[in-house]
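Engineer: Following is a predicted model, sequence given first.
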There are 2 protein chains.
Amino acid sequence: MSMRETAPRPVEGAAKARRPRRLPARAAIDEIEETGETSATSGDLDLSGLDGVIGYTLRRAQLAVFEDFARRFARLDLKPAQYSVLLVIGDNPGRKQSEIAAALGIQRPNFVAMLDELERRGLAERTRSTTDRRSHAVVLTDAGEKLLAIARAEQAQQEIDLGAFLGDGGREALVGMLRRLARID
Amino acid sequence: MSMRETAPRPVEGAAKARRPRRLPARAAIDEIEETGETSATSGDLDLSGLDGVIGYTLRRAQLAVFEDFARRFARLDLKPAQYSVLLVIGDNPGRKQSEIAAALGIQRPNFVAMLDELERRGLAERTRSTTDRRSHAVVLTDAGEKLLAIARAEQAQQEIDLGAFLGDGGREALVGMLRRLARID
DNA sequence: GGATAATAGTTATGCTGTATATCAAATTAG
DNA sequence: CTAATTTGATATACAGCATAACTATTATCC
């Protein structure tokens, strides 16, 4: 993943976007309104056109949450994708490499290097299946299980914190809606 | 950051819609239960560990919404980032190139090619400022305004459709929470 | 006023994430 | 048995996003 450190966060329209960190200042808005439509003045820009856009806010929120994740997981040296792989392997030990990849929507070619890295770090292992010698059964090592346990706790804490940040039942409502959105097609 | 590469089909427990995928599950479940926790059997994987994770669902939802956006904007040949640039220029005509970029969180070097492309397509124009000959004031051409108007309508329709897809006030609640999340840091 | 610093746009470049084509080995289907 | 399919892997390409550094211009300060 590429979570930078202090750099500004993207904010691209209903799309990619980097991050405008702050709302247009009150003064700037007044100035814009007073001059009609032309905003060739100085001061903050009018970004109101993006304010209520789901795609835009979704993207920004996702980046912010991933940055938060990156901070929390820095000590574990785990990127979100790596965590998700560890988690799915941990919950589905012995599954085929391609099954893990497919479950996470990762292309098989790209999953190879990811697993290589986890193996290099001694967190996961590929074992040749005896029944189907094409496939690799993937499992976590003891070290992998141990790291996953810590990671799960870390992640649970993030859920708690974000849940508190959003109000009362907000987290559940949010996740529910996000899951619905994720199935649009 | 990369939680995935293609949109995998989230495996959902109950509810509705299509999916005869549950069939093999029965046998698989029996087998799993009989072997305890090991899921090295066949059938769907257990992804329950990711189900309630905000970061994961956020990412998934964002990708799905972007895909929806891509379909809707295919005819306009506009990517989300391009739409956001057109929108911000349209709402802030005559601003400096770097101001537009900064507002969207786009690095100035990366913004050059984006503007080049919009200019090439006759949608935007750079004009040398007379007061500060270093800067370029950016505006939309008539064609750019025209395309933006269509794009705005397209985008508004997406909001309507997503709003309907989420229930009753769901869109507003969602955007509100996303905006809160976007400013965690 | 002239040296120095800062700003705006640009070019070059690199890393990460994700996609496709293709291959060899192994397995399955016809 | 032969052909098709599956699995893991390699090579490769492209988009997104970042930094360094150059040029032209403007601002600052002694």
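Structural biologist: Structure's in. What do you need?
Engineer: switch to C-alpha atoms for all contacts and neighbour counts from now on
Structural biologist: Fine.
Engineer: helices and strands of chain A: which one bottoms out on pLDDT?
Structural biologist: Lowest on mean pLDDT, DSSP states H and E among the helices and strands of chain A sits helix A:26-34, with a mean of 34.
Engineer: what's downstream of it, the next helix or strand?
Structural biologist: Note on helix A:26-34: by DSSP states H and E, the next helix or strand toward the C-terminus is helix A:48-51.
Engineer: C-terminal to that following helix, which secondary structure element comes first?
Structural biologist: Counting by DSSP H and E, what follows helix A:48-51 is helix A:54-73.
Engineer: ok, and the closest non-adjacent residue to the spatially most central residue of chain A?
Structural biologist: The centre of chain A sits closest to residue A:66, judged by Cα atoms, centre = their mean, with a distance of 4.4 Å. Leaving aside its sequence neighbours, residue A:66 sits nearest to residue B:55 (Cα to Cα, 6 or more residues apart in numbering or on different chains; 6.5 Å).
Engineer: what's the neighbour count on the one you found?
Structural biologist: Using other Cα atoms under 10 Å in any protein chain shown as the criterion, residue B:55 is surrounded by 25 other residues.
Engineer: CA atoms of stretch A:130-144 as CSV?
Structural biologist: Taking Å, rounded to 0.1, in the frame of the first residue of the first chain, the C-alpha atoms of stretch A:130-144 are listed here in CSV:
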residue,chain,number,x,y,z
THR,A,130,-0.4,-34.5,-1.7
THR,A,131,-3.7,-34.9,-3.4
ASP,A,132,-3.2,-32.2,-6.0
ARG,A,133,0.4,-31.6,-6.6
ARG,A,134,-0.4,-28.4,-8.6
SER,A,135,-1.7,-26.6,-5.6
HIS,A,136,-0.1,-25.1,-2.5
ALA,A,137,-1.9,-25.4,0.8
VAL,A,138,-1.2,-22.2,2.8
VAL,A,139,-1.0,-22.0,6.5
LEU,A,140,0.3,-19.7,9.1
THR,A,141,3.4,-20.5,11.1
ASP,A,142,3.4,-20.2,14.8
ALA,A,143,5.0,-16.8,14.4
GLY,A,144,2.2,-15.9,12.0
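Engineer: need the longest helix for chain A.
Structural biologist: helix A:142-165 (DSSP state H).
Engineer: So that one, near chain B or not?
Structural biologist: Yes. Shown here: helix A:142-165 in contact with chain B (Cα under 8 Å from any Cα of the partner chain) through A:159, A:162.
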